[in-house]
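# build me a model from this:
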Amino acid sequence: MSIYSKITANSYIISLGNTGARFSDPRSRYYKVLEALQDFKVTHNEWTVDSQLQFADLLNEKGIFEIKKDNTVSADKDVRLKTSFLAQIGFTNADRNITEVGKMLIKNSEQISINEFEIATDSFLYLKQFLKYQQEGFQLKPLLSLLYSCIVFDNNLPIDFVTYVWSGSRTAKELLSNIKNYKKYNNYKDTVFSSVQQSQNTIIATQNVADFFAKYNFSNQKALKEMLYTILPHGKGDSFKEKAISLFYDLHKYWENKYNWSTQQKEAYINEVLKGRYKDVSSKKPAYYLDALFNTGNLTKKSDWKAIIHFFEHTPLIAAETEANFIVAYHVLYMYIKKLSVCEEYRDLNIRHLKLLDIFVFGNDTIQLDIVFWYLFKNIKQHLLKEVAITDETKYKSFLEKDQATLGEIYHFLDVKVANVIQSISSDYPEIQKIGLKSFTNKKREERLLQLINTVFTKEHIIWIFTNLYPRKDEEVRQFIKEKYQEYEATMPALFEYLLAISFYWLTQEQIPLSYLLTPNLDANLLPKTHASGGQADIILSYKNKDYLIEATLSDNDNQRKMEAEPVPRHLAKHILEVNVNSMALFIAGQLDPNNLVVLRNYKFSTWYDGSRSVDQMHILPLTIANIIFLLKENMPFETLDKQFVSLLNSPTNDGYKWFVNEVNPTFEYDN
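Next up is the predicted model:
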């Protein structure tokens, strides 16, 4: 029987999602999977391996996931991984039967609206679920501890704190200590290192080392290895610790000779023996290892080796006064690098899922609560860490899978009335009392959107994106937006519609208000969510007394006709009948299908019937992305452009294909 206490290999890092199921745009994916499960469960009550394989076929058939049956990961396991978060967050139970709250997500995803807190209903549902969510091994609810952190950092929470510090804070005491240290050091690495030094694991490791030296000495390699196995935890077992132990001995050799070797010998030893060993301590990248030991992410011949050696020899490891202290210091180094690597691994996963809530505004280096939720949560700060108990599995699952209508039904301290939030906001923004919450939040969002347009989605940047959007260069476009602003994960069609709307802001010489862009389909960062089909045009904007319905698609060939020939005239007819008779539609695509052109042009000369109502004629102007690029470059007055639209629409040519090729396209032709 071992004399040593065991240290768990569990990293205890908050995981909002499943690392085995990483995919972009989870909002769209989860909805589609739930929809597929809803159909599947009508005829399949069980969640067996056979049914999982059948569900894999359905997911492939619907184009939701590509689940292969010849991968290392079996298809049934892949299905379980890809649907696990739906159960983890309460939208299904363990057998993937859709819960009460899961049914509500389907409903809210199909009919998105804005609620009393000025947040989309599907996002509000995610918020409620994340407020309830608890993680094994944590005495804090992850979202509540994150909200608390936002508040104590005065709504300017560093992303590095979220990634490396918040994610590993398991108790209120630990979180408060980490916050104090982060503010003291202003550095996440020092904060994490300090937390590892003070952790229960280090206390256990120190005792194990003491127990070892009580019976053995350093030269007893068999006994030493047994002890090292206990203080260097690895999730895949002892065989994966061998490299870490080998590195331990190589570092120990330097420690033994630090007073004997010359500077040249030390430099050579670091370069030849230690430099490239980051994988031996499970580091995901060299920088974690090199920075911890040598205070640099890169070692070259031109490096300041005197400074590097000085730093190395003053680390807790090489500066250790005894072999016992050296071993404990190596444990701390190992656990520190491991923690940084695991936190990095979970970073994108956590942020991607936090974006589902639409209460956080993500900057390059910080996270902020959107204005309504900043005032909502900061007034209940004192409740966020101490009034929520972690419950047993049965009670928790029942709580998680129930749809609570209000925040107050989740926790009593969240029973916050909108009127109270408005009152709180009015202390800093008195105007809200006069214009109301909706107008106030729209005003603030318009201010942010204007800044976004003037810095990120400028006319020149939109032209660049459109040039690369068709033919499709999706990854280049996503990378461009990431570099200019932040990562964009929703679909390219959603982005296309959004950028077309911004294009018309530029085409009207900035004369139209940006409020037409502020729809439920924008997230908290004012980027578009994945396009959801609905009963109206993609974009509706008004200029003077005329309405322009903008319908956009990136589909081409006959698929374009199948997908767009019916909804485009239907949306326009409904708008003419119910909103403004002086309306036209612009149908914009990468490439226009000839038969779709014929169908759409037909409504200039034909009647559209809607029950007892009818529209005698409709004006639908087809344009390509290249035509929009031409217009953005041309910079003509919008009144002149509208006259060209009217002239083209009133052409006697009724063959839509010939009309576009011979009249429309030559008017707005962009030559690469």
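
# and stretch 11-24, how far out from the chain middle?
12 Å (Cα atoms, centre = their mean, to the nearest Å).

# what does it rub up against?
26, 29, 65, 73, 81-85, 88, 130, 133, 135, 137-138, 142, 166-168, 170, 338-339, 342-343, 345-346, 348-350, 352-354, 489 (Cβ atoms under 8 Å, 6 or more residues apart in numbering). Heads up, the C-betas are built off the backbone N, CA and C, glycines and all.

# quick one: buried ones out of these?
Buried members of these, counted by 16 or more other Cβ atoms under 10 Å: 26, 29, 65, 81-85, 88, 130, 133, 135, 138, 142, 166-168, 170, 338-339, 342-343, 346, 349-350, 352-354, 489.

# counting only helices, which of these make the cut?
Using DSSP state H, the members of these that fall within helices are 26, 29, 81-85, 88, 130, 142, 338-339, 342-343, 346, 349-350, 352-354.

# stretch 316-335: which residues count as buried?
Buried, per 16+ other Cβ under 10 Å, within stretch 316-335: 317-318, 320, 323, 326-335.

# revised request: answer the last question for stretch 185-203.
Under the neighbour-count criterion of 16+ other Cβ under 10 Å, stretch 185-203 has Tyr188, Thr191, Val192, Phe193, Ser194, Ser195, Val196, Ser199, Asn201, Thr202 buried.

# what helix or strand does the residue lying closest to the fifth one once chain neighbours are set aside sit in?
Spelled out, it's Ser194. Sequence neighbours aside, Asn181 is the residue nearest to Ser194 in space, at 5.1 Å (criterion: Cβ to Cβ, 6 or more residues apart in numbering). Using DSSP states H and E, Asn181 sits within helix 172-185.

# show residues contacting that helix.
Against helix 172-185 from outside (Cβ under 8 Å, 6+ apart): 139-140, 145, 148-149, 152-153, 158, 161, 165-166, 169, 188, 190-191, 194-195, 198, 385-386.

# and stretch 37-57, by the same measure?
Taking Cβ under 8 Å, 6+ apart as the rule, stretch 37-57 contacts 36, 58, 67, 69, 75-76, 78-80, 83, 86, 92, 94-98, 106.

# on that earlier part again, strands - which of the contacts of helix 172-185 land there?
Under the assignment DSSP state E, the contacts of helix 172-185 contribute Pro158 to strands.

# where along the stretch 351-500 of the chain do the helices fall?
371-378, 393-401, 418-426, 432-455, 459-469, 474-484, 492-507 (DSSP state H, counting those that start in this stretch).

# to Ser614, which of those helices lies closest?
Smallest distance to Ser614 across the helices of the stretch 351-500 of the chain (Cβ to Cβ): 28.6 Å, for helix 492-507.

# packing partners of that closest one?
Secondary-structure packing of helix 492-507 (3 or more Cβ pairs under 8 Å, 6 or more residues apart in numbering; DSSP states H and E): helix 459-469, helix 474-484, strand 539-543, strand 546-553, helix 625-634.

# so which of the ones you listed is nearest Trp374?
So among those, helix 474-484 is nearest, using Cβ to Cβ, at 25.6 Å.

# tell me, how many residues neighbour Ser239?
Using other Cβ atoms under 10 Å, Ser239 has 8 other residues around it.
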